[in-house]
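1. Structure, please.
(4 chains)
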Protein chains: 2
Amino acid sequence: MTAIIPRAWQAVLDAVERDLIEGRLSPGDHLPPERTLAADLGVGRSSVREALRVLEVLGLIRTAVGSGPSAGAIIVARPGGGMSALMRLQVAAQGFAVADVVETRLLLEGSIVAELASGTGVIDLSAAEQILTAMESQTLTEAEFLALDTQFHLSLAEANGNQVITATMAGLRSAIEGYARAGAAGLASWPATSARLMLEHRGILTAILAGQADAARLAVHAHITGYYAETHLTSASSTTASPTTR
Amino acid sequence: MTAIIPRAWQAVLDAVERDLIEGRLSPGDHLPPERTLAADLGVGRSSVREALRVLEVLGLIRTAVGSGPSAGAIIVARPGGGMSALMRLQVAAQGFAVADVVETRLLLEGSIVAELASGTGVIDLSAAEQILTAMESQTLTEAEFLALDTQFHLSLAEANGNQVITATMAGLRSAIEGYARAGAAGLASWPATSARLMLEHRGILTAILAGQADAARLAVHAHITGYYAETHLTSASSTTASPTTR
DNA sequence: AGCGCGGTGTGGTCTGACCACAGGCTACAC
DNA sequence: GTGTAGCCTGTGGTCAGACCACACCGCGCT
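-> This is a model prediction of the structure:
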C-alpha cells in the first residue's frame, strides 16, 4: 500500500497524519522545520511546503516566521477555517448547491436547538444572550448585523458542545454568506427585516430556555427559511460590478 | 479588508475563487498552465503550485500531466475527497472527538432515512438494494464487509439528493473508518455481528420503503450506536449533550 | 546592571533547471 | 495514398539553491 507514492507531497501528508495517529504529534507540538522534514523524508523542500500549505488551509497547523517558541509550524487542529474554505469554494465551483447548503443548515441547526431545549444539564447560553443584547442595543449596518447574526447562530452550536457540528455550521454559514449579504441589499426595508429577525432570535432563545424542543426547531426553521425566501435567494444575481483592484 | 495579501499563494487562491464566483471558470474548464498563472498574477510558480495543491486536496481541481485535452488542471468540484481528508485529519489531530463524529453521523443519517421514508416522490433505492444483496450473497472479509457497509450508508445519502449531506457523510465515515476497522478485529464473533448488521440493514430499508419515518430513524440510530457500543469505541449512546468543559 | 545590536534559525518566495508523461505532428517506408 | 514510427512540444512534478523578512537570543559595550 505504501510501496510507491508517486507524489512527494502526499508522502509528507501521510507522514504527518501517521505521526498524529500514533501519538508522536499532539496539539501544541511543533512540526520539524521544513528543511529538516525535507531531509528526513527524502523530498524537496517545495514538496514539504505544499503539504504544509494543505495542512494550514485544513486548519491543522499554524505557521509563523521568526524564532523562538511561537515560530514554526504548530499543530492547532482548528477545523472551522478549513471547513469554511472547503464549503465556500465548493459552492463557488458549483459542487454544492446553495439550496442544499441551506437545507443542511436547517437540519443541523434545528437539531441543535431541539437538543439544547431538551437537554437536562446546565447549558450556558450566556454568550448567545450577550450577542442578542448587542444586536438590539444599537443601530447596526447590514454587514455588522449579519456578522452578529452569524455569531448568534454559531454560539448556539457551540453551546451544544459538538465540535463537528459547530465546525460544519461555521462552514455552511460561511459558504452562503455572500448570498446573505447580496440578499440584504435588495430588501424592501432593512430596518423592518432586522427588527423581525431580532424578534425571531428572542423567540428561539425563549423556546430553548422553556424546554420546548419542537417549538425551538420550528422557530429556527421559520427563521432561516423566512430570510432566504424574503431575499429571493434562489434567483439572486450576485455579480459584483466592482473592478478587480490590481 | 482586502488591502494587502502578504501571502502569495493566497492571492492565487483568491483569484481562482473570484474567477469561479464571477463565472469565468466553471466545472470542466481548464485552469491556465501553472507558468502562465504565475506570470499573470506576478508570483512565483511555487506559490501557484501551493494554491493548486490546496484546491486539489479540497476536491476542486484535478491535475494530470502530459498534453492534450485531459492534461492540466481541470475544475471538477468533487467535495467528497476534501471533506474526508479534512475530517480524517482533524480526528487524528484531536480537533474532532470521535464521539462527536458518531453523534453527527447519527443526526445526519437519521434525518436522511426519515426524509427518504416520508418522501412523496419516487426515490431510487436500487443502489442500496444491490449493495445489500452483494453483502448477503457471499462471505466477505471484515475489510470487504466494512467497505460495502460504507457504500450502503453512502447510497442512502445519495438517494436523498443533497450533495452537502452526502459529502459530509462521506467525510464522517472516512474519519472513523480506522476505528471501525480496529473495533471489528476485537469482536467476539465477527460472523454473528456481520449477520446482525445485515439484518439491521434490511430493517432500515424496509422501514424506508414502508414510509415509516420514525421507525427508520430509530433503526439507523440503533444500528450505528449498536456497532460502536459493541466495539467499545465510544460511550455515545444517548443524545445527551456532552458537557465538554472547555 | 542595563541596553543595544548583530547572529541565528525560521518560514516565505522566487528562479532556474531537469524529468516524466501524453498527445500531436511530421517524415519516412511501403 | 496510407500507415506507422519517432520526434517535438507543452504540461505538471520535483528538486536545488538563493535571497528576504522576521523574531528571538545572547554577547558585548556602556
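2. Let me see the contact set for residue A:87.
-> Shown in contact with residue A:87 (Cβ atoms under 8 Å, 6 or more residues apart in numbering or on different chains): A:96, A:101, A:171, A:172, A:174, A:175, B:164. Where you see a C-beta, it was placed from the backbone N, CA and C, and this is true even at glycine.
3. Check residue A:155 too.
-> Per Cβ under 8 Å, 6+ apart, neighbours of residue A:155: A:125, A:127, A:128, A:131.
4. any idea which helix or strand carries it?
-> Element membership for residue A:155 (DSSP states H and E) is helix A:142-160.
5. that older thread, would you mind checking the contacts of residue A:155 for buried ones?
-> A:125, A:128, A:131 (16 or more other Cβ atoms under 10 Å in any protein chain shown).
6. Look up the closest residue to the second one, ignoring the ones flanking it.
-> Same thing as residue A:128. Of all residues not flanking residue A:128 in the chain, residue A:155 sits nearest, at 4.3 Å (Cβ to Cβ, 6 or more residues apart in numbering or on different chains).
7. So which bits of stretch A:131-149 are buried?
-> A:131, A:132, A:135, A:140, A:142, A:145, A:146, A:148, A:149.
8. now those residues in a markdown table, with distance to residue A:31 and pLDDT?
-> Shown next, in a markdown table, are the buried residues of stretch A:131-149 (distance: Cβ to Cβ, whole Å; pLDDT from 0 to 100):
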| residue | distance to residue A:31 | pLDDT |
| --- | --- | --- |
| A:131 | 36 | 95 |
| A:132 | 41 | 94 |
| A:135 | 41 | 92 |
| A:140 | 41 | 85 |
| A:142 | 41 | 86 |
| A:145 | 40 | 92 |
| A:146 | 36 | 92 |
| A:148 | 36 | 94 |
| A:149 | 37 | 94 |
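9. show me where chain A has helices.
-> Ranges of helices within chain A are A:8-21, A:34-41, A:45-57, A:79-92, A:98-118, A:126-136, A:142-160, A:163-175, A:177-185, A:190-209, A:213-230, based on DSSP state H.
10. hang on, the earlier thing: got the angle for the helix holding residue A:155 vs helix A:163-175?
-> 170 degrees (axes from the mean of the first three to the mean of the last three Cα atoms, to 10 degrees).
11. what's the domain layout of chain A?
-> A:8-75, A:97-235 (automatic domain parsing).
12. pLDDT weak spots in chain A?
-> A:1-5, A:232-246 (pLDDT under 70).
13. please redo it, this time with the cut-off set to 50
-> Chain A contains residues with pLDDT under 50 at A:2-3, A:233-246.
14. That one against DNA strand C: which residues are in contact?
-> A:31, A:33-36, A:45-46, A:49, A:52, A:63-67, A:71-73 (Cβ under 7 Å from any atom of the strand).
15. please redo it, this time with the cut-off set to 6 Å
-> Residues of chain A lying near DNA strand C by Cβ under 6 Å from any atom of the strand: A:33, A:34, A:49, A:63, A:65, A:66, A:67, A:71, A:72, A:73.
16. Which residue comes closest to the most centrally placed residue in chain A once chain neighbours are left out?
-> Nearest to the mean C-alpha position of chain A, by Cα atoms, centre = their mean, lies residue A:170 at 2.2 Å. Nearest non-adjacent residue to residue A:170, counting by Cβ to Cβ, 6+ apart: residue A:80, 4.5 Å away.
17. Contact partners for the one you found?
-> Contacts were defined as Cβ under 8 Å, 6+ apart; by that measure residue A:80 touches A:59, A:166, A:167, A:170, A:171.
18. what about it, distance to residue B:133?
-> 41 Å (Cβ to Cβ, to the nearest Å).
19. re the thing from before, possible to save the helices of chain A as a markdown table with distance to residue B:184?
-> Below are these laid out as a markdown table (distance: least, Cβ to Cβ, whole Å):
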| stretch | distance to residue B:184 |
| --- | --- |
| helix A:8-21 | 17 |
| helix A:34-41 | 32 |
| helix A:45-57 | 29 |
| helix A:79-92 | 27 |
| helix A:98-118 | 29 |
| helix A:126-136 | 41 |
| helix A:142-160 | 30 |
| helix A:163-175 | 23 |
| helix A:177-185 | 41 |
| helix A:190-209 | 39 |
| helix A:213-230 | 35 |
